[in-house]
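Q: Pasting a predicted model and its sequence here:
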Amino acid sequence: MPGVIIRKNALQIDLRAHGYGKEPLLMSPTPANVRYAERLRLEILGKIERGTFVLAEYFPDSPRVPKVQASAAPAAGAQPTIGDVFQEWLKIKRPEIQHSTADQYQQTLDSYHFDTVRKMDASQLTFRELKILLAGLPENSKTFNNVASVLSMALEYGHLAKMIPEALHVHIAMRKHQKPQPDPFTLDQVEVLLQRFSSGQGRDYYEFAIFTGMRPSEQIALSWSKVDLHAGTVLVDEALTRGKIKGTKTTDIRELELTARARQVLERQRAVSQLAGGRVFVGEDGAAFSSTDEPLRLWWKPAMKLSGLRQRDARQTRHTFATVCLMAGITPAWAARQLGHSVEMFYRVYSRWIDRADKGAERRKLDGYISAKPGDIDSKLG
């Protein structure tokens, strides 16, 4: 694979096109290790695109990693640096947010984007230097906003804490970007896709995702203690992100009503994992998943390639459940509750399918009213 260099006794990941170098992996070039290096490179490229890549976390021995020498604690009265502002804000912010969000903020502020200002006295950061810093951030609007929004919050704290004289955060403007629209599967396409899973467990995993609309982080965290097959419900109160169990994305607890297809999946899963009493969905080796990347790599991506369908990511399982509900005439309020959305957000995301779902019924009511004779209208209003 381009980007992975095989040496006699080692491997290298080539990141020269992204401002780094041929970064070494201290492992022998076996086929398994080469495949690992390929997956690692794709993970790194994703982080570079999002602005969260930290070279030292992946390649601590790289000659491009600054060698920081131990130093004494700052003398009393020493001016705080921009790096000090970042770390103090993170320390105060961490108890208020989910651990996954805190880790994302940490990675963003530790990224190479801020190397030029991290050691600068906080009192010396000016409007001009801020604008130069922003100009060097990734051009992609979504990536820019991900990085700039964290910077803005940290600078606002620094100003309110009187570490930064100017209110520089007010000069950070987010860029407009077009959010990707739902791209759901039709029911016919769902059946085609499900037939392409080589593993029964993989098929069950994604059939459950499609016919419940659960978030992937909620599904891999689902335990048998939260399943009531007699009542046909599942309690959704936690998610697994970055290897840790936390509350749901919205922090709301919801009881999900199981569709017939979802119940059938759970009945099949009983033979696979219920006796162990832990997670409902496990890998081929019986072990619980540590991240949502594993089902994607093991099951989703191979099945999508074999299906012949237009390539889509696994987030469309959730969109598919929402749009199938609407096409079936289900009220948006019920569908929103199943998904863990507010009704307002559900209308905003799926308005196009809501319009289609009425099959012209509302327009026909209006046409009937408009075309009625004046006397008929008076009697209706009567």
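A: Sure, I can see it.

Q: Tell me, please, the helix or strand in the chain that averages the lowest pLDDT.
A: Using mean pLDDT, DSSP states H and E, the weakest-scoring helix or strand in the chain turns out to be helix 374-381, at a mean of 56.

Q: Relative to Q274, how far out is the closest residue to V280 other than its chain neighbours?
A: Computed as C-beta to C-beta, 6 or more residues apart in numbering, the closest residue to V280 that is not its neighbour in sequence is L222, at 4.7 Å. Bear in mind the C-beta positions are built from the backbone N, C-alpha and C, glycine included. With distances taken as C-beta to C-beta, to the nearest Å, L222 is found 12 Å from Q274.

Q: Show me whatever sits in contact with both of these two.
A: Common neighbours of L222 and Q274, counting by C-beta atoms under 8 Å, 6 or more residues apart in numbering, are V280.

Q: Between the two, which is the more surrounded one?
A: Counting neighbours by other C-beta atoms under 10 Å for L222 and for Q274 shows that L222 has the greater number, 24 against 15.

Q: Phi and psi next, for that one.
A: Main-chain torsions, L222, degrees, to the nearest 10: phi -60, psi 130.

Q: so who does it touch?
A: L222 is in contact with 214, 234, 236, 279-281, counting by C-beta under 8 Å, 6+ apart.

Q: What of S307?
A: Contacts of S307 by C-beta under 8 Å, 6+ apart are 192-193, 196.

Q: Mind checking which of those are in strands?
A: Judged by DSSP state E, the subset of these located in strands is empty.

Q: Mind putting these into a markdown table with neighbour count and pLDDT?
A: Formatted as a markdown table, the contacts of S307 follow (neighbours: other C-beta atoms under 10 Å; pLDDT from 0 to 100):
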| residue | neighbour count | pLDDT |
| --- | --- | --- |
| V192 | 15 | 95 |
| L193 | 24 | 96 |
| R196 | 17 | 95 |
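
Q: Out of these, which comes closest to P165?
A: L193 (57.4 Å; C-beta to C-beta).

Q: Surely the closest one and T186 touch.
A: No: L193 is beyond contact range of T186, at 10.4 Å (criterion: C-beta atoms under 8 Å).

Q: Report how many residues lie close to the nearest residue to C325 once chain neighbours are set aside.
A: If you skip the residues right next to it in sequence, C325 has A335 as its closest partner in space, 4.0 Å away by C-beta to C-beta, 6+ apart. Number of residues near A335 (other C-beta under 10 Å) recorded here: 22.

Q: now do E218
A: When neighbours are defined as other C-beta under 10 Å, E218 has 24 of them.

Q: So which residues of the stretch 101-250 of the chain form helices?
A: In the stretch 101-250 of the chain, the segments counted as helices under DSSP state H, counting those that start in this stretch are 127-135, 141-160, 187-194, 200-212, 216-221.

Q: Which of these sits closest to K91?
A: helix 141-160 (10.5 Å).

Q: now the angle between helix 127-135 and the closest one, please.
A: Calculated by axes from the mean of the first three to the mean of the last three C-alpha atoms, to 10 degrees, helix 141-160 forms an angle of 150 degrees with helix 127-135.

Q: Can you give the contact residues for helix 141-160?
A: Defining contact as C-beta under 8 Å, 6+ apart, one finds that helix 141-160 is touched by 49-52, 82, 85-86, 88-90, 92-93, 104-105, 108-109, 111, 113-114, 122, 125, 130, 134, 137-138, 164-169, 172, 174-177.

Q: one step back: what's the separation between the residue nearest to V280 and F197?
A: Taking C-beta to C-beta, one finds L222 at 19 Å from F197.

Q: Tell me where the model's unsure across the stretch 151-300 of the chain.
A: Applying pLDDT under 70 to the stretch 151-300 of the chain flags residues 242-243, 248-251.

Q: number of nearby residues for E38?
A: Neighbour tally, E38, other C-beta under 10 Å: 16.

Q: The helix or strand containing it to helix 141-160, inter-axis angle?
A: If you go by DSSP states H and E, E38 is part of helix 31-50. Interaxial angle, helix 31-50 versus helix 141-160 (the same axes, to 10 degrees): 60 degrees.

Q: Okay, domains of the chain per the record?
A: Per automatic domain parsing, the structural domains of the chain span 4-58, 82-171, 187-318.

Q: ends of the last one, how far apart?
A: From its first residue to its last, domain 187-318 covers 13 Å (C-alpha to C-alpha, to the nearest Å).

Q: same deal with the first one?
A: When the termini of domain 4-58 are compared using C-alpha to C-alpha, they are 15 Å apart.

Q: Also stretch 297-310?
A: Terminal residues of stretch 297-310 are spaced 18 Å apart (C-alpha to C-alpha).

Q: what's the answer for stretch 293-311, then?
A: 17 Å.

Q: in it, what counts as buried?
A: Of the residues in stretch 293-311, 295, 298-300, 302-304, 307, 309 count as buried by neighbour count, 16 or more other C-beta atoms under 10 Å.
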